[in-house]
Structure formats: structure tokens, C-alpha cells
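>>> Provided below are the primary sequence and the corresponding predicted coordinates.
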Amino acid sequence: MSTFPETASSAKPVADTTRKGPLAGLRVIDAGNMIAGPLAATQMADFGADVIKLELPGSGDSMRHWTPMKEGLSLWWKVIARNKRLITLTLSNPRGQELFRELVREADVLIENYRPGTFERWGLGYEELARINPRLVMVRVSGFGQTGPYAKRGGYGTIAEAFSGIPSFTGSPDRPPTLPGFPMADSVASTFAAMAAMFAVYNRDHGNGRGQEIDVSLYEPLFRLVESQVIGFDQLGIVKQRLGNRLAEDSPRNTYQTLDGRWVGISASSQRTFERLAQALGMPELITDPRFVDNASRCEHDAALDRIIAGWFRERDCAAVMALFEEAEVVAGPVLDISDIVRDPHYQARENIVSVRDDDFGEVRMQGVVPRFLDTPGEVRHAGRALGADNREIYQGMLGLSQQEFDALTAQGVI
């Protein structure tokens, strides 16, 4: 039973009429930390969901302390916490748990990524919360999932990436397995988590009227993306190996260095794209060369084909290559770094980078909202803000705490 005064339990949620997008009107509680859970909530906030982000008083989310830093503030935080209302709350405190339950009463989706069993230990497991709000969708992100022999293991993205099998066939054959240079497992899991949450909301609103619990691990979304790995091993015993930038199923497929030191990626596995490439290279004889007459033959002789193509690239500047390929309709693209990307006209035309209002630095640039909705587009309203920026609005304006209790809970470190 709630210990809130009568005025608090009957308090109406604060309306936010500024939100637009296909998820306007959906309320999400982001009770996660770091990337996988919070990024799922960010994706929903970008499309208009009212996301209330919980952080530990004093220290806040761990992402607040991640580089790159400017003037003691994390720039990464500015992106992952954008569009959210930020409050502080100690979930291990009994009074904090009561406040959390009151927040859950009005929520559509709850996202958490603590180690399995933590929310149950606090009396905040799905069964308990569903009694308060049967329509609640609870998304739980963890390293290895909520069940199975590894469920209790800590699970960072690097471990999930290794466990998924992807590094075993990523990288050069004479070098160690290669891990991605960004938190790929967390980012992919967050996308699956956001997608799953909306599947469940649709089922609730068009099905039985009830929410449900969703179990998302870090490794399983990556494992799902490798497509033919399981069936290839099951039926043919194939164990995919590291081939650098090549693919055993696709040739030519690689990056090639130009005269001016740039790199260009090529993929020409279909016969028509390969023939256009051969013509653009000024080597139509490659089309009838027995080694390269079809994709299977090219895969068998990929090293020889790579040497021929690489030699051609080394004699030409990147701009000349790309101009020639565009005219010949060859499928190719330069390898861009971030300094290239911010100047690229296609990125600009697509508004892939947007300028965003920020409380600390006035205005910052970051990635725009994807995918593009033509009728109800998402938007970035503001960057991530200070710890507890919306405490007063949520606790007093939405939950109806008195000034006296608000001050007391703040002093006690509950909020």
C-alpha cells in the first residue's frame, strides 16, 4: 500500500505538450545505467516518448564520467541523455522504492539493465510491478539474459561481442580476433530492446490489454544478425574464418588504397556490378577470364583479383576514382572518418548531424534522429542535462510531494 498522502496518489501527471513524433503520449521510465538500457530509451525519446531517466543521487549514471570530456562534463552523456527528463532516486532505499512504484503507476514502459535478480531483491520485480500497473511493459537488458547457467554473470558489451562469435571471423587471418571500435553489442541490444518494447505495446493495445516482461541479452541480438552461421555449420560443417575485409561468399569485396592515401570500399558480387567495375577499370578482359567469370570463381581466386584491383587503385587519387565510378555506376564508397563526415554534402542533406540546444555549451552537434518518419518525424529537443534537472517537476509537480518532504528526501540522499 502506498504511504503517499491522498493528494499525491491522486496527482495528475504533468502534461508535456511540446513533444511530437509517433510516440508522443507514451511514458517510459529509464532505470538503466551506461548504454544498452538507456540508449533504448533515448531512441524512444527521439520519437516523442516522455522518458523519465533515473540516476543515483550524487554520482549519477556512469556515462556522466565517460570520455570525451569538456570542462569536466561528458560529451557522450549529452547524446545518450538527450530528450529525457532527469531525476535522482535511490532504488535500494525503501522510501525510494515507494517513489518508484508511484512512477510505475503511470508508465507504459520500464527499461532496466541491472544484473538479473537485483530488481527482485528490491521488491521491484515484474510480478510486483504488474500488480500496480498491469499494462506495464518491462524491458530487462542483461549480458546473458534472465535465465540459463550464465545469467548471473556480469555482462559488458565486449564480453557479449566475444561470446556472439563475431570476432572469430572478423579481422585478418594472421592477427587476433578483432573487436569493434565502439560498443556494438550495447547499441544493437538497445535497438532490439526499443523494438521489442513497441511490439509489446502494440500487443497490449490491440491484444489482451496487458503488458509483459521482455528479456533482452547483449549477445543474442548480435548472434541473430549472423544469419547463415548456424545452418551453414549444421548442414555443411562450415566454420567461418577471418579473411580481413574479404567475404568467402562475395568477391571482390575489400577496401583499396588510392594514390593519395585514401581508402575506397568495393562490393561487386553480382555479375552486373562486377562487369561495370571491370569496364570502369579499363579491364574488360576480366569479365571473360576463367578465374573471374562468376562470383563462385572470383571467390576461389579472390587473392589474385584483389592484387589486380589494388594495383589499379594505387595509381589514382580518390576523387578521380569516385568520379569515374559514379559515372560508370560502380558500387563503391570512400572510407570516411568523422572529419570527412561533418563536411559531407549527403550527410548534410539528410540532416544526419543536427545542432542541439545545450544548457552548458549553448549549442552542440550530434547525430540526428533515425529512421526518418515523413509524417510524424522525431526530433532532438535538447542535449543531456544536469543531474536531477527535473526532480522538482517530477516529484512535486507529478507525484505531489510537499516542499518539506522534497527537501527532507533530498537531504537524506533518497532523491
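The structure has been received and is ready for your questions.
>>> next, the contact list for residue 355, please.
363-365 (C-beta atoms under 8 Å, 6 or more residues apart in numbering). For every residue, glycine as well, the C-beta is placed using N, CA and C.
>>> now the buried members of the residues you listed.
Listed as buried from the contacts of residue 355 are residue 364; burial here means 16 or more other C-beta atoms under 10 Å.
>>> now distance to residue 392, pLDDT and secondary structure too, for the contacts of residue 355, in JSON lines please.
Shown next, in JSON lines, are those (distance: C-beta to C-beta, whole Å; pLDDT from 0 to 100; DSSP: H, G, I helix; E, B strand; the rest coil):
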{"residue": "363", "distance to residue 392": "26", "pLDDT": "96", "secondary structure": "strand"}
{"residue": "364", "distance to residue 392": "25", "pLDDT": "97", "secondary structure": "strand"}
{"residue": "365", "distance to residue 392": "30", "pLDDT": "98", "secondary structure": "strand"}
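>>> of the contacts of residue 355, closest to residue 387?
Of all those, residue 387 sits closest to residue 364, with 18.1 Å by C-beta to C-beta.
>>> so the closest residue to residue 403 other than its chain neighbours versus residue 409, what's the distance?
Nearest-residue entry for residue 403: residue 396, 7.2 Å, with adjacent residues in sequence omitted and distances by C-beta to C-beta, 6 or more residues apart in numbering. Distance, residue 396 to residue 409, using C-beta to C-beta, to the nearest Å: 11 Å.
>>> equivalent analysis for residue 323, please.
64 Å.
>>> same check, this time on residue 98
Going from residue 98 to residue 409 by C-beta to C-beta gives 11 Å.
>>> between those two, which is the more surrounded one?
Neighbour totals were compared for residue 98 and residue 409, and residue 409 leads with 22 against 14 (other C-beta atoms under 10 Å).
>>> output the contacting helices and strands for the helix or strand where that one lies.
Per DSSP states H and E, residue 409 falls inside helix 403-412. For helix 403-412, the helices and strands in contact under the criterion 3 or more C-beta pairs under 8 Å, 6 or more residues apart in numbering; DSSP states H and E are helix 94-105.
>>> for the helix it packs on, which positions count as buried?
Within helix 94-105, judged by 16+ other C-beta under 10 Å, the buried ones are 95-97, 99-104.
>>> can you check stretch 191-202 too?
Buried residues in stretch 191-202 (16+ other C-beta under 10 Å): 192-194, 196-198, 200-201.
>>> which among the contacts of residue 355 gets closest to residue 177?
For the contacts of residue 355, the closest approach to residue 177 (C-beta to C-beta) belongs to residue 365, at 34.0 Å.
>>> surely residue 253 is in contact with residue 269?
Yes: at 6.6 Å, residue 253 counts as touching residue 269 under the criterion of C-beta atoms under 8 Å.
>>> of those two, who's got more company?
Per other C-beta under 10 Å, whichever of residue 253 and residue 269 has more neighbours is residue 253, with 20 against 16.
>>> coming back round to it: for the residue nearest to residue 403, give me phi and psi.
Note on residue 396: its backbone torsions stand at phi -90, psi -50 [degrees, to the nearest 10].
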